[in-house]
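J.: Predicted structure and sequence below. I'll ask about it afterward.
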Amino acid sequence: MGEDITKGIKNAEYIKKLLEQNDYWELITKPSIDIISFRVKISDNEIANDYMNVRLSQYLLEDGYAMITTTKLKGHTALRMCPIHPEATKDFLYNGIINFIEKLNEL
């Protein structure tokens, strides 16, 4: 069990590094235990950003690639990811972020 928690923490830190490579991701909470919260911020219009985060979460849940849910943090809709799953390899997480970016371009 301890190895799973350690892996979850490392995965959350890896996701943070991936998100920091693009200006349109806003980190809402630092990686903690095995959870990371972030949001898409592609506009100065916060209502539009909240809507985009909801749409992105819906897409990901429907697509089945990852279970990324929404939550309200700091007054805005954010995405919450818990990358502790045993199959959540770095390749899986990297491809997930690429998937997010591709979907953002479609929305």
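T.: Good, I have the coordinates.

J.: Could you use CA atoms for every contact and neighbour count after this?
T.: Fine.

J.: Strands of this protein, residue ranges please.
T.: Ranges of strands in the chain, per DSSP state E, are 25-32, 35-40, 69-73, 76-81.

J.: could these go into a markdown table alongside mean pLDDT and mean neighbour count?
T.: Conversion of these to a markdown table gives the following (pLDDT from 0 to 100; neighbours: other CA atoms under 10 Å):
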| stretch | mean pLDDT | mean neighbour count |
| --- | --- | --- |
| strand 25-32 | 88 | 16 |
| strand 35-40 | 91 | 23 |
| strand 69-73 | 93 | 17 |
| strand 76-81 | 93 | 22 |
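
J.: out of those, nearest to Asp50?
T.: strand 76-81 (5.0 Å; CA to CA).

J.: Each with direction, which strands does that closest one pair with?
T.: When sheet partners are counted by DSSP bridges, strand 76-81 sits next to strand 35-40 (antiparallel), strand 69-73 (antiparallel).

J.: Between strand 25-32 and it, find me the angle.
T.: On the basis of axes from the mean of the first three to the mean of the last three CA atoms, to 10 degrees, strand 76-81 is oriented at 50 degrees to strand 25-32.

J.: closest one to Gly8 among the strands paired with strand 76-81?
T.: The closest of the strands paired with strand 76-81 to Gly8 is strand 35-40. By CA to CA, the value is 7.7 Å.

J.: one step back: mind putting the strands of the chain into a markdown table with distance to Ala12?
T.: As requested, the strands of the chain are exported to a markdown table (distance: least, CA to CA, whole Å):
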| stretch | distance to Ala12 |
| --- | --- |
| strand 25-32 | 5 |
| strand 35-40 | 6 |
| strand 69-73 | 15 |
| strand 76-81 | 8 |
